[in-house]
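Q: Model the following, please.
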Amino acid sequence: MSGPPGGAPPQLTCLPVDGIDEVVEGDDLAALLARAVALQDGDILVVTSKVVSKAEGRVVVGKREEALARETDRTVAVRGRTAIVRTHHGLVMAAAGIDASNTGPDTVVLLPQDPDGSARRLREAVARNPGRNVAVLVTDTAGRAWRTGQTDIAVGAAGLLPLHDYAGLTDPDGNELAVTAPAVADELAAAADLVKRKLDRRPAAVVRGLADLVLAPGAHGPGAAALVRPESQDMFGLGAREAVLEALRAEEPRGFGAACPAVELVVALSAIAGDNAAVRHSDGAVTAHLSGTERRQGSTDAVLRAAAFAHGWRAESVPGDQALLRFVPGTP
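A: Just a heads-up that it's a prediction; the model follows:
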């Protein structure tokens, strides 16, 4: 955030937006919101993805399970009827963010096709009428891998920087910050949800008092897409069970992140192989020379192949030498 460190903290207000009736495809959502609340320059308008989707015609006939297959880019984990998937947006969410509540019988509401684009269009419409420079967040509810319960996050953003990187700055004690980067857009989404509330059919809220976060007219920022972690950096791209199964299949490298350094792979494979194989690193590749007993049994061979795959490497047999396995990076 802008402003000198140690200055007076911003005073913010979260205002509920009431008076929005049922929204259907083709409705002018920006006009409905502008009539329902007197917006001011510097406001942050927070709108649920569901009402955006309804206005954009993202309500489809069918069961959630049917839509889930179409909206899924990759399955992360499945436990009973709960499926955590990566959507085509890159979001990791339960059931791809598909919503079967507050919609007609036998219909479901999909996430907006381009949430950042939706946020930009809403912001531009508000800039034209009523002529206010606001930031816009499109939000949805998501769970957390390490904590029980859900919170709202920003799936679309326009008019503010969704992530504030403090790396390189120093704290009051002179310590340099390395990885501190608050997801401001998500924090605002969660704050606004406290007044929108889940059962009140209130699709929007206004966060006021943080005008310094709002970009100049026409400057939309990178969008909430900037908060999507690249798969190569995702340390939790698969559930625990799914990671084991995918490593044993050794077919789909997605979900395991980028290939680990060769030295790290040597340490991991050596710990698994013990005295059954000699693992070395040379010329950009890692080799494992199996002992005579293991060459005949083949058990260590299979385990090393699966372990290497889980580390982002793939195994190659060496022609003419059944005792030697060669591993090369298998993911970018």
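Q: just the strands in the chain please.
A: Under the criterion DSSP state E, strands of the chain are mapped to 13-17, 44-48, 59-61, 72-79, 82-87, 92-94, 107-109, 135-143, 150-158, 204-208, 277-282, 285-290, 313-318, 321-329.
Q: Direction included, what does the third one pair against?
A: Spelled out, that is strand 59-61. Strand 59-61 sits in its sheet next to strand 107-109 (antiparallel), going by DSSP bridges.
Q: For residue 126, which residues are in contact?
A: 30, 33, 34, 39, 45, 132, 134, 136 (Cβ atoms under 8 Å, 6 or more residues apart in numbering). (Glycine included, C-beta is placed from N, CA and C.)
Q: got the contact list for the fifth one?
A: The neighbourhood of residue 45, defined by Cβ under 8 Å, 6+ apart, consists of 33, 39, 122, 123, 126, 134, 135, 136, 137, 204, 206.
Q: pLDDT below threshold where in the stretch 51-200 of the chain?
A: For the stretch 51-200 of the chain, the stretches with pLDDT under 70 are 167-169, 176-179, 199.
Q: Recalculate using a threshold of 90.
A: Counting by pLDDT under 90, the ranges of the stretch 51-200 of the chain that qualify are 101-102, 104, 144-145, 164-181, 197-200.
Q: Could you dump the strands of the chain into CSV and include distance to residue 182?
A: Formatted as CSV, the strands of the chain follow (distance: least, Cβ to Cβ, whole Å):
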stretch, distance to residue 182
strand 13-17, 18
strand 44-48, 15
strand 59-61, 34
strand 72-79, 25
strand 82-87, 24
strand 92-94, 20
strand 107-109, 30
strand 135-143, 15
strand 150-158, 12
strand 204-208, 15
strand 277-282, 39
strand 285-290, 39
strand 313-318, 35
strand 321-329, 33
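Q: closest one to residue 244 among the ones you listed?
A: For these, proximity to residue 244 was assessed by Cβ to Cβ; strand 72-79 is nearest, at 11.7 Å.
Q: Run through who's touching the closest one.
A: Under the contact criterion Cβ under 8 Å, 6+ apart, strand 72-79 has outside partners 83-88, 90, 92, 96, 237-242, 254-255.
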